[in-house]
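A.B. asks: test case, fold it:
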Amino acid sequence: MTKETPKHPTGAKGWVTYRPELRVLDCTVRDGGLMNHHQFDHDFVQAIYDADVAAGIDYMEVGYKASGRLFSRTQHGLWKFSSEEDIRRAIRDNKRSTKISVMADAERTDYHTDILPRDKSVVDMVRVATYIHQIPAALDMVKDAHDKGLETTLNIMAVSAVPESELEGALEIIAQSEVGTLYVVDSFGNMYSEQIRELVQRFQKHMSPVGKQIGIHTHNNLQLAFSNTIEAIVLGANYVDASIGGLGRGSGNCPMELVLSFLHNPKFNMRPVLECLEKNVEPMREKLRWGFAIPYMVTGYLNRHPKAAMEFMEGDGFREVTKFYDAMIAEETD
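C.D. replies: Model prediction:
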């Protein structure tokens with residue numbers, strides 16, 4: 001008996017792009033928190049979680065596990081620290097099908113004490129974010145999380161600025177580690193599909209033989225977050241980051257609603273995502289000013305961190321884009 005292809009709500013035929021092992025992670029709260037110093041209230045986080053559960057999203061990332069010794073709790077909101085108590089409150093202590101993820105920056109997390117063993121926490125996955133020079137410290141964090149029974153990923157930041165020889169050396173070391181998934185991260189929203197393709201294939205060359213997965217996390221500075229995510233999926237990336245409405249640092253991330261539309265996977269339900277977008281996310285857009293804008297395009301084009309563009313977008317003169325462009329170009333030529 002031949003197994004029938006699952007029907008998609010749109011009635012599309014012959015266009016099923018999912019595979020059973022592909023997982024979608026919602027980073028709305030974590031990446032979006034970079035636009036408001038992680039000051040989302042519990043109701044907002046709860047709304048995102050409820051939407052993810054109803055939509056069939058595999059993981060939700062609630063925020064960072066930052067060190068209370070290094071970061072002020074008066075300057076940063078709850079989701080900079082993502083305590084067990086706050087996570088449980090946001091999900092109403094009702095763990096459901098969507099798994100919980102937190103991100104821990106290398107050398108900025110008291111991971112020995114603040115990241116709890118899996119059997120004492122609602123957290124399922126720890127994602128370690130690292131710059132290339134921090135790889136040894138990051139892999140110590142990965143081992144600690146792995147030993148505590150947690151799923152792990154390693155997210156190499158600013159990879160578009162890493163020399164090839166350094167990256168190759170790092171990949172050889174990572175392949176021997178306990179990490180489950182290695183992410184291609186377009187931190188500056190600078191990459192085109194050719195660069196995504198080269199990195200995914202390079203990562204696969206080292207990780208696939210030892211059974212590790214590849215993930216993709218994109219930013220939308222050049223309006224390529226979605227197309228670059230598609231490129232990675234087609235090449236075999238099985239962990240896919242997205243956020244509702246694209247809410248994320250600066251230009252934002254790949255929009256969740258676009259990812260679900262591309263996957264055509266009947267396990268996902270688009271409506272809860274759109275309802276959450278309408279009621280909870282879009283009302284913040286005017287104040288937070290995330291999403292594609294010329295200042296973010298400029299920093300992406302120059303392969304620069306978006307910090308300067310974010311500061312510019314917070315000011316009253318954020319529409320004076322030529323002024324910003326001239327200032328950034330002047331810095332390049334100094």
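
A.B. asks: how about residues contacting the strand or helix carrying H112?
C.D. replies: Assessed by DSSP states H and E, H112 sits inside helix 111-114. Outside helix 111-114, the residues that touch it by Cβ atoms under 8 Å, 6 or more residues apart in numbering are K65, S67, F81, A104, V126, M141, D144, A145. In this view, the C-beta of every residue, glycine as well, is placed from N, C-alpha and C.

A.B. asks: quick check: the nearest residue to D144 once chain neighbours are set aside vs H133, distance?
C.D. replies: Excluding the flanking residues, the one nearest D144 by Cβ to Cβ, 6 or more residues apart in numbering is Y111, at 5.5 Å. For Y111, the distance to H133 (Cβ to Cβ, to the nearest Å) stands at 18 Å.

A.B. asks: and those two? Which one has more around it.
C.D. replies: Higher neighbour count among Y111 and H133: Y111, with 20 against 12, using other Cβ atoms under 10 Å.

A.B. asks: ok, N190 touching L224?
C.D. replies: No. Using Cβ atoms under 8 Å, N190 is not in contact with L224, being 9.3 Å away.

A.B. asks: residues contacting I294?
C.D. replies: Going by Cβ under 8 Å, 6+ apart, I294 touches V321, F324, Y325.

A.B. asks: which stretches in this protein count as strands?
C.D. replies: With DSSP state E, the ranges of strands along the chain come out as 23-26, 59-64, 99-105, 125-130, 151-156, 181-185, 213-217, 239-242.

A.B. asks: which strands and helices sit next to the longest one?
C.D. replies: In terms of contacts (3 or more Cβ pairs under 8 Å, 6 or more residues apart in numbering; DSSP states H and E), strand 99-105 is packed against helix 28-32, strand 59-64, strand 125-130.

A.B. asks: now the last one against strand 213-217, angle please.
C.D. replies: The one in question is strand 125-130. Counting by axes from the mean of the first three to the mean of the last three Cα atoms, to 10 degrees, strand 125-130 lies at 70 degrees to strand 213-217.

A.B. asks: what mean pLDDT does strand 125-130 get?
C.D. replies: For strand 125-130, the mean pLDDT works out to 98.

A.B. asks: gap between it and the chain center?
C.D. replies: 10 Å (Cα atoms, centre = their mean, to the nearest Å).

A.B. asks: what lines up beside that strand in the sheet?
C.D. replies: Using DSSP bridges, strand 125-130 pairs in its sheet with strand 99-105 (parallel), strand 151-156 (parallel).

A.B. asks: closest to R285 out of those?
C.D. replies: strand 99-105 (23.2 Å; Cβ to Cβ).

A.B. asks: contacts for the closest one, please.
C.D. replies: For strand 99-105, contacts defined as Cβ under 8 Å, 6+ apart pick out 25, 30, 58-66, 82, 87, 91, 111, 115, 122-130, 141, 145, 151, 155.

A.B. asks: sorry, back to before: which two of the contacts of helix 111-114 have the greatest separation?
C.D. replies: Distances among the contacts of helix 111-114 were taken as Cβ to Cβ; the most separated pair is F81 and D144, at 17.7 Å.

A.B. asks: buried ones in stretch 312-328?
C.D. replies: Neighbour counts over stretch 312-328 (16 or more other Cβ atoms under 10 Å) mark F312, M313, F318, V321, F324, Y325, M328 as buried.

A.B. asks: quick one: that stretch to chain centroid distance?
C.D. replies: Computed by Cα atoms, centre = their mean, the separation of stretch 312-328 from the middle of its chain amounts to 27 Å.

A.B. asks: helices of this structure, start to end?
C.D. replies: In the chain, the helices defined using DSSP state H lie at 28-32, 42-55, 84-90, 111-114, 135-147, 164-175, 193-207, 225-235, 256-263, 270-276, 285-288, 294-301, 307-314, 321-333.

A.B. asks: pLDDT averaged over the second one, what's the number?
C.D. replies: Along helix 42-55, the predicted confidence averages to a pLDDT of 98.

A.B. asks: packing partners for it?
C.D. replies: Looks like helix 42-55 contacts helix 28-32, strand 59-64, helix 84-90, helix 270-276 (3+ Cβ pairs under 8 Å, 6+ apart).

A.B. asks: and G246, which of these is closest to it?
C.D. replies: Proximity to G246 (Cβ to Cβ) singles out helix 28-32 among these, at 9.0 Å.

A.B. asks: got the contact list for K212?
C.D. replies: For K212, the contact set (Cβ under 8 Å, 6+ apart) comprises A175, V179, G180, T181, L182.

A.B. asks: with respect to Q39, which of the contacts of helix 111-114 is nearest?
C.D. replies: F81 (11.9 Å).

A.B. asks: now the closest one: how far from R108?
C.D. replies: Relative to R108, F81 is positioned 11 Å away (Cβ to Cβ).

A.B. asks: higher neighbour count, the two?
C.D. replies: F81 (20 against 17).
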